[in-house]
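Novice: Sequence first, then the predicted structure, then my questions.
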Amino acid sequence: MLWEGGHRIDGNLLLEPATGHTPGSSVLTLRSGGDRAVFVGDLLHSPVQVLNPQWNSCFCDDPPLAAKTRRAYLERAADRHELVFPAHWPGHGAAEARKDGDGFAIVEWAAFSPA
């Protein structure tokens, strides 16, 4: 299925573009009651990008746009208390981010055992 902008999969899942990284890059937001999570895919390649969201990886197609998109999703995650699930970090789990100066900090790492 091709989509533009956002695509609501159902009442709990929303697929949104993550512009600036690779063409077609997207994030998936999950909401269940008061709990929220965002699966950021390629948007965050390293934990250092939480501290410095303006830092890009070599894979960013449009570096200024990728940095802007990364910051926007991290701001939203911090404001809404969304757990951030990165695709490329070592280990299994999610980060809880909060605003910290010009960047963000990881408040807590929610570790999960691999299935």
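Specialist: All right, it came through fine. Only a predicted model underlies this, so the values are computations on that prediction, with no experimental measurement involved.

Novice: And for Tyr73, the neighbour number?
Specialist: Other residues lying near Tyr73 total 21 when counted by other C-beta atoms under 10 Å. No exception for glycine: its C-beta is placed from N, CA and C like everyone else's.

Novice: could you check the distance from it over to Trp55?
Specialist: According to C-beta to C-beta, to the nearest Å, Tyr73 and Trp55 sit 15 Å apart.

Novice: Could you do Phe39 as well?
Specialist: Distance from Phe39 to Trp55, by C-beta to C-beta: 21 Å.

Novice: Pop out the phi and psi values for Ala78.
Specialist: phi -70, psi -40 (degrees, to the nearest 10).

Novice: Likewise for Leu13?
Specialist: phi -120, psi 130.

Novice: The residue nearest to it when sequence neighbours are not counted bridge partners, please.
Specialist: Nearest residue to Leu13 in three dimensions, chain neighbours excluded: Leu30, at 5.9 Å (C-beta to C-beta, 6 or more residues apart in numbering). Counting by DSSP bridges, Leu30 forms beta bridges with Leu13, Ala37.

Novice: My guess is Leu30 contacts Arg36. True?
Specialist: Yes. With contacts counted by C-beta atoms under 8 Å, Leu30 reaches Arg36, the gap being 6.9 Å.

Novice: Just the C-alpha atoms of the least confident helix or strand in the chain by mean pLDDT, please, in PDB.
Specialist: Ranking every helix and strand in the chain by mean pLDDT, DSSP states H and E puts strand 103-111 at the bottom, with a mean of 88. Once non-C-alpha atoms are left out, strand 103-111 reads as follows in PDB (Å, rounded to 0.1, in the frame of the first residue of the first chain):
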ATOM      1  CA  GLY A 103      19.200  18.400  23.200                       C
ATOM      2  CA  PHE A 104      17.700  15.600  25.100                       C
ATOM      3  CA  ALA A 105      18.700  13.100  27.700                       C
ATOM      4  CA  ILE A 106      17.800   9.400  28.300                       C
ATOM      5  CA  VAL A 107      16.000   9.300  31.600                       C
ATOM      6  CA  GLU A 108      15.700   5.500  31.700                       C
ATOM      7  CA  TRP A 109      16.300   2.500  29.500                       C
ATOM      8  CA  ALA A 110      13.400   0.100  29.500                       C
ATOM      9  CA  ALA A 111      15.200  -3.200  28.800                       C
END
